[in-house]
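1. give the three-dimensional model of this entry:
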Amino acid sequence: MTSPVRTVKLSKTYEVRARKGLFKSEKRSVEALKSITLEVNQGEVFGLLGPNGAGKTTLIKILTTLLLPTSGEAWINGYNVTQNENKVRASVGCMLMGERGLYWKLTGRENLEYFGALYHLDPSARRKRSNQIIELLKLGEIADRMVESYSSGQKMNLAFGKALINDAPLLVLDEPTNTLDLPSASELRSIVRQLNKQGKTVIYTTHIMSEAETLCDRVAIIDRGELLALGTVEELKTSLQREGITHIEGVIPARAEEAVRAIPSVLQATRTAQDGGALLTVVTASGREILPQLIEALTHSGAIIQKITPEELTLEDVFIAKTGRTLAEDTRIANK
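-> As a prediction, the model looks like this:
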């Protein structure tokens, strides 16, 4: 059986100009993707997990023919993305730009029917499909209003509906819950599960750990353009089974973080600011046995410890162990 998605050493490099002084600039290369090789299985929800700027959107833009790769190859439903662009587009439902991909001077229903026409659905078929989507997403009360009157969440729901208009076997959803409130986000995830049970394969990009952990069959962790880990959530957790995760809250200066990192059995130590102090997440090779050393290193470096919590492994712990940082850091800023 042909895999819905397959990539081999897929890379993308951008040539950008960086300002140097008031009147000068210089060219530099930015590697957005670095030799990504992966395969998505038929009928699964496949998560692309990473912070803003990690390369997730670049990858799916290549997979949906919106960008050309610098090197490597990719296939969608057996079609090469650079050689069979029209067949790729016909076999994918995309939500890549959220509400920006809608026509605000048209009604919701007119938007759906317009995009149905672009997929060459005849008038009867696109009206029927539009009505089905309006019912599925509970858009009946707003379907005949102009999109410019919609809230951000309503626009995102309509953009999701647009991705369903051609009833494609593969759905590509880029941060679909980004501007939704909690109930709306939960409802959208429920619909994704429902569509998946009906046989659709889903690629779901997110920077929200809980979404990936509860929704996805397998997860790829991408950071700074590299594929760092790939597997089920349980497989990724098991990969850290011998390691321990400890969260330490308090007043933790930078020198205390460095002192913890200097302990031989500490694999990662990541400090993030929070109200009234900081949170230090420590990944160790020896679990709770290292707690006395951690406390000694912190107190001797001027830290004031308020709370120590050894935690059960989560997907966020896996991400920190693989990348050395949290999802709160924006790669686009870090790379400047």
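2. what are the bridge partners for T281, then?
-> H247, T270 (DSSP bridges).
3. from what I see, it and V318 are in contact.
-> No. Because the distance of 11.7 Å does not satisfy CB atoms under 8 Å, T281 is recorded as not touching V318. For glycine as for every other residue, the C-beta is placed from the backbone atoms N, C-alpha and C.
4. these two: which is more packed in?
-> The residue with the greater number of neighbours, taking T281 and V318 and applying other CB atoms under 10 Å, is V318; the counts read 28 against 20.
5. I'd like to know how far that one sits from S265.
-> Between V318 and S265 the distance is 19 Å, computed by CB to CB, to the nearest Å.
6. what does K197 give?
-> When distance is defined by CB to CB, K197 is 44 Å away from S265.
7. between the two, which is the more surrounded one?
-> When neighbours are counted by other CB under 10 Å, K197 and S265 differ, and S265 comes out ahead with 15 against 9.
8. the more buried one contacts T284, doesn't it?
-> Yes. At 5.3 Å, S265 and T284 qualify as touching, with contact defined as CB under 8 Å.
9. roughly how far does A74 sit from E289?
-> Between A74 and E289 the distance, using CB to CB, works out to 46 Å.
10. quick one: which of those two has more around it?
-> Counting neighbours by other CB under 10 Å for A74 and for E289 shows that A74 has the greater number, 23 against 11.
11. mind listing what's buried in the helix or strand hosting the more buried one?
-> Using DSSP states H and E, A74 sits in strand 71-76. The neighbour-count criterion (16 or more other CB atoms under 10 Å) identifies G72, A74, W75, I76 as the buried residues of strand 71-76.
12. what packs against the helix or strand following that strand?
-> Next helix or strand after strand 71-76 toward the C-terminus (DSSP H and E): strand 79-80. Using 3 or more CB pairs under 8 Å, 6 or more residues apart in numbering; DSSP states H and E as the contact definition, the elements that strand 79-80 packs against are helix 85-90.
13. average model confidence for stretch 295-303?
-> When pLDDT is averaged along stretch 295-303, the result is 93.
14. before we move on, what about stretch 114-126?
-> For stretch 114-126, mean pLDDT is 95.
15. same thing with stretch 171-179?
-> pLDDT averaged over stretch 171-179 equals 91, rounded to a whole number.
16. sorry, back to before: of all the buried residues of strand 71-76, which comes closest to N178?
-> Distances from N178 to the buried residues of strand 71-76, taken as CB to CB, are shortest for I76 (23.6 Å).
17. beta partners for that closest one?
-> Taking DSSP bridges as the rule, I76 bridges to V5, Y79.
18. residues in contact with the closest residue to D223 other than its chain neighbours?
-> For D223, the nearest residue in space outside its immediate sequence neighbours is T323; the separation is 4.7 Å by CB to CB, 6 or more residues apart in numbering. Under the criterion of CB atoms under 8 Å, 6 or more residues apart in numbering, the contact partners of T323 comprise I221, D223, L228.
19. 10 Å instead?
-> Neighbouring residues of T323 by CB atoms under 10 Å, 6 or more residues apart in numbering: 50-51, 54, 221-224, 226, 228-229, 268, 270, 329, 331.
20. do the same with R6
-> Each residue near R6 by CB under 10 Å, 6+ apart is listed here: T37, L38, E39, V40, L63, E73, A74, W75, I76, N77, G78.
21. and with 8 Å instead?
-> With contacts taken as CB under 8 Å, 6+ apart, R6 has the following neighbours: L38, E39, V40, A74, W75.
22. let me know the closest of those to T13.
-> Using CB to CB, the shortest approach to T13 within the contacts of R6 belongs to A74, at 15.8 Å.
23. separation between that closest one and L173?
-> When distances are taken as CB to CB, A74 and L173 turn out to be 18 Å apart.
24. show me where the stretch 1-150 of the chain has its strands.
-> Remark: strands assigned in the stretch 1-150 of the chain by DSSP state E, counting those that start in this stretch are 5-20, 24-40, 45-49, 71-76, 79-80, 92-95.
25. so what does the fourth one touch, helix or strand wise?
-> Applying 3+ CB pairs under 8 Å, 6+ apart, one finds that strand 71-76 contacts strand 5-20, strand 24-40, helix 56-63.
26. residues in contact with that strand?
-> With contacts defined as CB under 8 Å, 6+ apart, strand 71-76 is touched by 2-11, 35-37, 62-64, 80-82, 88, 91-92, 170.
27. quick one on the thing from earlier: joint contacts of S265 and T284?
-> Taking CB under 8 Å, 6+ apart as the contact definition, S265 and T284 share the neighbouring residues I290.
28. just the buried residues from the contacts of strand 71-76, in PyMOL please.
-> Command for PyMOL, covering only those of the contacts of strand 71-76 found buried under the criterion 16+ other CB under 10 Å:
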select buried, resi 4+5+6+7+10+11+36+62+63+64+81+88+91+92+170
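29. okay, which residue is most central for this protein?
-> T206 (2.6 Å; CA atoms, centre = their mean).
30. for it, what are its contacts?
-> For T206, counting by CB under 8 Å, 6+ apart, the contacting residues are G47, L48, L49, E175, T177, A212.
31. in contact with the closest residue to V251 other than its chain neighbours, which residues?
-> When the adjacent residues along the chain are set aside, V251 lies closest to I304, with 4.1 Å between them (CB to CB, 6+ apart). Counting by CB under 8 Å, 6+ apart, I304 makes contact with G250, V251, I252, G277.
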